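*Asks:* Here is the input, now give the coordinates:
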Amino acid sequence: SVTSRIQPGSDVIVCAEMDEQWGYVGAKSRQRWLFYVYDSLRKTVVAHVFGERTMATLGRLMSLLSPFDVVIW
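*Replies:* Okay, here's the model as predicted:
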């Protein structure tokens, strides 16, 4: 997994960006969203999930970040 590349506790990420993108397969009614967190210092994706644009999908992304003691402003 992407999150295994950066070890919790050993690396400090001062600033990471969170964003979303969308696309569809076959019909616009079947939208799928990509939610991701990007470490701009290391130029790498820390975590990502695909799904509907819902709080549940965002929750899945945040659960991948739970080992990192994330502080959100």
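*Asks:* what packs against the helix or strand bottoming out on mean pLDDT in the chain?
*Replies:* Among the secondary structure pieces of the chain, namely its helices and strands, strand 16-24 has the lowest mean (mean pLDDT, DSSP states H and E), a mean of 80. Other helices and strands packing on strand 16-24, by 3 or more Cβ pairs under 8 Å, 6 or more residues apart in numbering; DSSP states H and E, are strand 31-39. Where C-beta positions appear, they are placed from N, C-alpha and C, glycine not excepted.
*Asks:* orientation of the strand it packs on relative to strand 16-24 in degrees?
*Replies:* Taking axes from the mean of the first three to the mean of the last three Cα atoms, to 10 degrees, one finds that strand 31-39 is oriented at 160 degrees with respect to strand 16-24.
*Asks:* rewinding a little: who touches the least confident helix or strand of the chain?
*Replies:* Outside strand 16-24, the residues that touch it by Cβ atoms under 8 Å, 6 or more residues apart in numbering are 30-40, 46, 53, 61.
*Asks:* Which strands border that strand, and is each parallel or antiparallel?
*Replies:* In the sheet, strand 16-24 lines up against strand 31-39 (antiparallel) (DSSP bridges).
*Asks:* Give the buried residues for the partner strand.
*Replies:* By 16 or more other Cβ atoms under 10 Å, the buried positions in strand 31-39 come out as 33, 35-39.
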